[in-house]
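Just the structure for this:
(chains A and B)
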Amino acid sequence: MTTVLAVALDLIREAASRRWFLALGAGITLLLGVAGFTLRMDVVDGALAATRLFGQVLPTDIRSVDVALRPIFRAAAYVIFYGGLGFGVLACADFAPSLLAPGRIEHLLALPVQRWELLAGTFLGVLGLAMAGALYGAGGLTLLLAVKTGVWTLRPVLAALLASVTFAALYGGMLAASVFARSAALSAATGGALFLAGIVAGYRERLATFFEPGAPRALFRAVTSLLPRVSTLADTSADLAASAPVEALDLASQLAGIAVFGLAAVAFGIWRFEQKDF
Amino acid sequence: MRHRAWLLAAVVLLGLAAWLMARGDDKATSAKKPRVEFPRHPRGPEVERSQRRRTLPPSREVDPSQEQKPRRDPLLTALPTDKATSVVVFEASAIKESPAGKLWLDCMLANLDMDSFEEIEDEFGIDVLEDIDRIAASSGALVVASGEFPSARLDSLRGSRRAYGARGALFEEEGRSPVFGRWGDGLLFVGKDAQAIEAAIDRLEDKVAPAPPVIPEWASYGDAYGVLSADDVAELLEGSAPDIAERLRGAVSQVELHVDASEDVAIVAEVTGPVAADVDDLGKTLGTALSLGRLKAQADGEEQLAELLDLASVSPRNGRFSLDLALPLPMIQNVLGRCRERRKDGEAPGEEAPGGEGGAAR
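Below you'll find the predicted structure:
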């Protein structure tokens, strides 16, 4: 386990040396800056909420600011969740292919590190980076909303944490794909495909009714049952951000399932990695 | 061999992941329950219902220039027309089918220490669940029930029967209150005194100058509806919010009420007054009070009250405002469900369980 952590830390060090952190931070800061300058949002009159969004006054029901702003926090959670996942897929697509680059992989395999430790360490390192980026982005957006509206809540950060767990499932698939074919494009495509398929899987019960009863519906159910429920967690993160009630057991079950899916994908990648000659 | 172990681990983990994710599927992906629907205008069936109930011929003193004289709803016509009177109509046939209504009926039976309404049917010839369509209660000490009462036996309540008007009858006894009455087979009355019932029959039989009903026919939508006078609402608030009660007396002329009990109980109160600015100010005061109440409930850890106030809002517009309140069904079940438990525990009706309704009523 120590070796796995050492590999993860090594990946993070390398990311720092390649100014990857700088690029990630700059990208997120740029997005936050755009949001900060374009979002015209003022809450006036103390407890009486009159909210302006893009210069338009929202319906002026008299209610507490945190209640009036729930739709905003819900939207922010979706932006953080889906935006963070999309950004993560694109930004992290190159890590595994560069690890497996000729010259570098031979050097790594010459070290007293087992193959599975190398892959697991890479997985952990990328997840650490993605979580740091997500927390920075969500924290920044939360701070921005708090300064503009006066409502301080950490709920959008919860959305980022859920997105990080979901990213584990996507990145597991991306890592395994990179082992099969060393290509950043294939890695990103796998992440993107899992992302989209996961949105469909989240609505599988409703979408299943569009298929003919019998074999087509059963096939759809069987295929989607294996996929991470990306949209389910996105909806849950929005509910959490908007203070809507969430079934804790269902959420825990979904989170555990998605994390285990990521581990399954990594195990599959390790199986292929163990067989390869470099 | 070691390679296969990783493949096996991948397959097992994938199966475990699928099982874990499928556990939350049903609840997570089922169609979301819509937010509470507030009754803000009559829906199609309610418009039809209102038209169907206009069985009373038009008033004889209606403006002769009006070509089409409107027929009237007997129950609304029988109610007092004084604007200072509060009147609330309960759609018994709709409420008895609603989840909250069923719980309320259970509670009613528990408080009467009865197993069913059959005892009432045996004694008075009224099937409470089938015969009664609507019940209207007014602060003018008159209750009117509409429905089908061909076999009602009110003489078992009061010995003396006195005919009044063309179709009316009063059942009374010297010095005993309330007085009972009926008009045809469709309306029953319970009044503080005989005058209240006689006045209702006079309105139905056009023996008094016609006045617009206190609840206009177009406003008879929802599972319960009515109008409350400023004084009656202020009296309700006197104990808990005396400042608001005082302001309400000065600013409000009438509060129109509509309640939907089809699932969660949603209440809309339209508040109007003679001076638009005063009504606006009162709306802001109420809105702020609700917000502060919610924050306090959250801070005090009173989740039920916070949830209740979460769904409350005030929407001001053009010198009037609408106050929305919702009572989620689980909250009602929590409060009214105790009646059943009380009966099971063999507690006397009306006796309160320890830590009981006081908190919930708040």
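
hey, let's count contacts and neighbours off CA atoms from now on
Will do.

Could you list the low-pLDDT ranges of the chain?
Assuming you mean chain A. A:20-21, A:39-63 (pLDDT under 70).

sorry, should have said chain B
For chain B, the ranges with pLDDT under 70 are B:1-2, B:26-35, B:61-68, B:339-362.

hmm, the lengthiest helix in it touching chain A?
For chain B, the helix with the greatest residue count under DSSP state H is helix B:276-299. Yes. Helix B:276-299 reaches chain A (C-alpha under 8 Å from any C-alpha of the partner chain) through B:284, B:287, B:288, B:290, B:291, B:292.

Out of these, which is nearest to residue A:157?
residue B:291 (25.0 Å; C-alpha to C-alpha).

count of residues packed around that closest one?
25 (other C-alpha atoms under 10 Å in any protein chain shown).

Next: the one 10 residues further on.
If you count neighbours by other C-alpha under 10 Å, residue B:301 ends up with 11.

didn't residue A:77 look like it was pressed against residue A:238?
Yes. Contact criterion C-alpha atoms under 8 Å: residue A:77 and residue A:238 qualify, at 5.1 Å.

Residues in contact with both of those two, list them for me.
Common contacts of residue A:77 and residue A:238 (C-alpha atoms under 8 Å, 6 or more residues apart in numbering or on different chains): residue A:159.

okay, these two: which has more neighbours?
residue A:77 (31 against 28).

thinking again about what came up before, residues of the longest helix of chain B that come out buried?
Going by neighbour count (16 or more other C-alpha atoms under 10 Å in any protein chain shown), the buried part of helix B:276-299 is B:276, B:278-280, B:282-295, B:297-298.

ok, and what's touching stretch A:187-207?
Under C-alpha under 8 Å, 6+ apart, the answer for stretch A:187-207 is A:85-86, A:89-90, A:93-94, A:170-171, A:173-175, A:177-178, A:221, A:224-225, A:227-232, B:25-26, B:29-31.

Make a PyMOL selection of whichever of those turn out to be buried.
Buried subset of the contacts of stretch A:187-207, written as a PyMOL selection, criterion 16+ other C-alpha under 10 Å:
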select buried, (chain A and resi 85+86+89+90+93+94+170+171+173+174+175+177+178+221+224+225+227+228+229+230+231+232) or (chain B and resi 25+29)
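
Please narrow the contacts of stretch A:187-207 to those residing in strands.
Among the contacts of stretch A:187-207, no residue falls in strands (DSSP state E).

neighbours around the residue nearest to residue A:84 when sequence neighbours are not counted, how many?
Closest residue in space to residue A:84, ignoring its immediate chain neighbours: residue A:134 at 6.3 Å, by C-alpha to C-alpha, 6 or more residues apart in numbering or on different chains. Neighbour count for residue A:134, taken as other C-alpha under 10 Å: 27.

and what of residue B:116?
15.

What helix or strand is it located in?
Residue B:116 belongs to no helix or strand when assigned by DSSP states H and E.

That one touches residue B:109, doesn't it?
Yes. Using C-alpha under 8 Å, residue B:116 is in contact with residue B:109, at 6.7 Å.

just to revisit the earlier point, check whether the residue nearest to residue A:84 really touches residue A:160, as I assumed.
Yes. With contact defined as C-alpha under 8 Å, residue A:134 reaches residue A:160; the gap is 5.6 Å.

Which neighbours do the two have in common?
Common neighbours of residue A:134 and residue A:160 (C-alpha under 8 Å, 6+ apart) are A:80, A:84.

tell me which element the residue of the stretch 201-350 of chain B found nearest chain A falls in.
The minimum distance from the stretch 201-350 of chain B to chain A, using C-alpha to the nearest C-alpha, falls at residue B:315 (4.4 Å). Remark: residue B:315 resides in strand B:313-317, with elements defined by DSSP H and E.

Over to residue 151. Which of the three states is it?
Using chain A here. coil (DSSP: H, G, I helix; E, B strand; the rest coil).

my question was about chain B
coil.

Check residue B:246 too.
Once three-state DSSP is applied, residue B:246 turns out helix.

Could you report the separation of it from residue B:323?
According to C-alpha to C-alpha, to the nearest Å, residue B:246 and residue B:323 sit 18 Å apart.

So these two - more neighbours on which side?
Here residue B:246 and residue B:323 are set side by side on neighbour count (other C-alpha under 10 Å), and the busier one is residue B:323, at 21 against 16.

Quick check: bridge partners of the residue nearest to that one when sequence neighbours are not counted?
Using C-alpha to C-alpha, 6+ apart and skipping the chain neighbours, the partner closest in space to residue B:323 is residue B:314 (4.6 Å). Applying DSSP bridges to residue B:314 gives these bridge partners: residue A:62, residue B:323.

Test my guess that residue B:314 contacts residue B:322.
Yes. Between residue B:314 and residue B:322 there is a contact under C-alpha under 8 Å: 5.7 Å.

Between those two, which is the more surrounded one?
Looking at residue B:314 and residue B:322 with other C-alpha under 10 Å, you find the greater number of neighbours at residue B:314, namely 24 against 21.

So which bits of the stretch 251-362 of chain B are right by chain A?
Proximity of the stretch 251-362 of chain B to chain A (C-alpha under 8 Å from any C-alpha) is limited to residues B:284, B:287, B:288, B:290, B:291, B:292, B:310, B:312, B:313, B:314, B:315, B:316.

Any idea how many residues pack against the last one?
Read that as residue B:316. Residue B:316 has 22 nearby residues by other C-alpha under 10 Å.

quick one: it and residue B:280 touch, right?
Yes. Counting by C-alpha under 8 Å, residue B:316 does reach residue B:280; the two are 6.5 Å apart.

Quick one: end-to-end length of stretch B:313-329, please.
18 Å.

who's the residue nearest the centre of chain B bridged to?
In chain B, the centroid-proximal residue (C-alpha atoms, centre = their mean) is residue B:224; its distance is 3.7 Å. Beta-bridge partners recorded for residue B:224 (DSSP bridges): residue B:90, residue B:259.

And the strands in the stretch 51-200 of chain A, which stretches?
Under the criterion DSSP state E, counting those that start in this stretch, the stretch 51-200 of chain A contains strands at A:52-53, A:56-57.

and residue B:135, that's in a strand?
Yes. Residue B:135 sits within a strand when classified using three-state DSSP.

And for it, the neighbour number?
Neighbour tally, residue B:135, other C-alpha under 10 Å: 21.

same check, this time on residue B:162
11.

can I assume it is in contact with residue B:170?
Yes. With contacts counted by C-alpha under 8 Å, residue B:162 reaches residue B:170, the gap being 5.1 Å.

what about the helices in the stretch 151-278 of chain A?
A:155-180, A:184-202, A:204-207, A:215-225, A:230-241, A:248-275 (DSSP state H, counting those that start in this stretch).

Out of those, which one sits most buried?
Comparing those by mean neighbour count (mean count of other C-alpha atoms under 10 Å in any protein chain shown), helix A:155-180 comes out on top with a mean of 26.

And what about the residue nearest to residue B:206 when sequence neighbours are not counted, helix, strand or coil?
Counting by C-alpha to C-alpha, 6+ apart, residue B:206 lies nearest to residue B:59, which is 6.5 Å off, once chain neighbours are set aside. Judged by three-state DSSP, the three-state class of residue B:59 is coil.

Can you report phi and psi for residue B:59?
Dihedral angles of residue B:59 (phi, psi; degrees, to the nearest 10) stand at phi -60, psi 140.

host element of residue B:226?
strand B:224-229.

quick one: residue A:23 from chain B, how far?
34 Å (C-alpha to the nearest C-alpha, to the nearest Å).

separation between that residue and residue B:105?
66 Å.

re the thing from before, quick one: the longest helix of chain B to strand B:313-317, angle?
160 degrees (axes from the mean of the first three to the mean of the last three C-alpha atoms, to 10 degrees).
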